[in-house]
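Asks: Turn this into a model:
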Amino acid sequence: MTSQPKGRPTYCTIDLAALRWNFNRVKKLVGPSVKVLSVVKANAYGHGAAACARALADAGSDAFGVATVEEAVELRRAGVEGPLLVLTAICLEQLDEFLNYALTPALSDLHTIASFEKLLQKRGAALKFHLKIDSGMGRLGLLHSAIDAWLPEVAKLKALRLEGMFSQLANSDGDADYSAEQVKNFRAAEERLRAAGLAPSELHLANSGGVIGVPDAHGTMVRPGIMLYGCCPGPALAEKADLKPVLAWYTRIMQVKELPAGASVGYGRTFAAKRKSRIAALPLGYADGYHRLLSNRGAVLVRGKRAPVAGRISMDLTMIDVTDIAGVTQGDEVVLIGRQGAENISADEVAGWAETISYEVLTSVSARVPRVHLNS
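Replies: Now for the predicted structure:
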């Protein structure tokens, strides 16, 4: 374990060497001619956006994807210089930020496109953008099947300059036939754009699942997200991906007490000791992002062994049963995600206990948990 930061002993380490390894796996899967847009939205999936973006830039990332203008501005102010595509929350009121910070909007509806075009022309300004096509995801984007209605509007743009076209795979880790249909729809839209005299240089459809399992979706650029951080979007793709986990989560035992058989632990008395038990308190809870659904389900590592969560997780405290682990004492290291000795608990395993996905587990680790970046 690395040296913990000062203060409360609950923190995460972020292994930037593992991040670079995962980026290089992406490059190996897509080949040297395909660009990589690294998705660092949501604070780089909870890993620290600025530090991760700098490490990915050093590894050769061609561009970066964020969800909001605010995330993009944060990266610019942190010194990240590569192209920044704002993927989701596009607001006309933030046009100044797009222009002042050289940001690229992802535009997905005719009303927003027309509004940006009008205001840019009024200012005598120009802005590159990426056009989002709905090839079968059913969320944002211009419907590929309605191209006759929207293509003439896109073709007449002047202040908005079409740099890229993209879409999102709905089930890249599980439904090969549907992914193939989306690739077909996307290519058909591309052909129509080119026939209309439009030639977007960046074509991107593949998310992490597409990078690993849908090579026909690679286009000129791919958009890996979760795989950069060492989690696979689907178990069937894990062996081919060969990824390394980037985040590990640590704390220390703050108190150990012996309870008699029959004693209860925590709110609601959902745990009752069936025997004389040793119960340890950990200084973290659901306010730190350790999901309440892990109550009486999850486990942590202490002295290289698994200790089950005992009782309900509260806002700032989690209790564990260390009865079967010899010698546990106050101050012992605890691993919530990561390796200790021969044992390992992955974000995917925690997600299974919490009935969710690794994406949510990682992005839920709250801001009050410090991130310690290693191997920069």
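Asks: residue ranges with poor pLDDT in the stretch 1-150 of the chain?
Replies: Segments of the stretch 1-150 of the chain classed as low confidence (criterion: pLDDT under 70) are 1-3.
Asks: Mind jotting down where the helices sit in it?
Replies: In order along the chain, the stretch 1-150 of the chain carries the following helices (DSSP state H, counting those that start in this stretch): 16-30, 41-46, 49-59, 69-77, 95-100, 110-123, 147-155.
Asks: buried residues in the longest one?
Replies: This means helix 16-30. For helix 16-30, the buried set under the neighbour-count rule, 16 or more other C-beta atoms under 10 Å, comprises 16, 18-23, 25-27, 29-30. Glycine gets a C-beta too; all of them are placed from N, C-alpha and C.
Asks: same check, this time on the fifth one
Replies: When burial is assessed from 16+ other C-beta under 10 Å, helix 95-100 yields the following buried residues: 95, 97-98.
Asks: rewinding a little: got a markdown table for the buried residues of helix 16-30, with distance to Asp242 too?
Replies: Below are the buried residues of helix 16-30 laid out as a markdown table (distance: C-beta to C-beta, whole Å):
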| residue | distance to Asp242 |
| --- | --- |
| Leu16 | 18 |
| Ala18 | 12 |
| Leu19 | 14 |
| Arg20 | 14 |
| Trp21 | 9 |
| Asn22 | 9 |
| Phe23 | 13 |
| Arg25 | 6 |
| Val26 | 11 |
| Lys27 | 13 |
| Leu29 | 10 |
| Val30 | 14 |
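Asks: quick check, nearest of the residues you listed to Gln330?
Replies: Ala18 (31.2 Å; C-beta to C-beta).
Asks: Can you tell me the centre-most residue of the protein?
Replies: In the chain, the centroid-proximal residue (C-alpha atoms, centre = their mean) is Tyr45; its distance is 3.3 Å.
Asks: Verify the contact between that residue and Tyr359 for me.
Replies: Yes. Applying C-beta atoms under 8 Å, one finds Tyr45 in contact with Tyr359, separated by 6.7 Å.
Asks: what touches both of these two?
Replies: Counting by C-beta atoms under 8 Å, 6 or more residues apart in numbering, the residues touching both Tyr45 and Tyr359 are Ile226.
Asks: Give me the angle between the longest helix seen in the chain and helix 147-155.
Replies: Across the chain, the longest stretch assigned as helix under DSSP state H is helix 176-195. Inter-element angle recorded for helix 176-195 and helix 147-155: 50 degrees (by axes from the mean of the first three to the mean of the last three C-alpha atoms, to 10 degrees).
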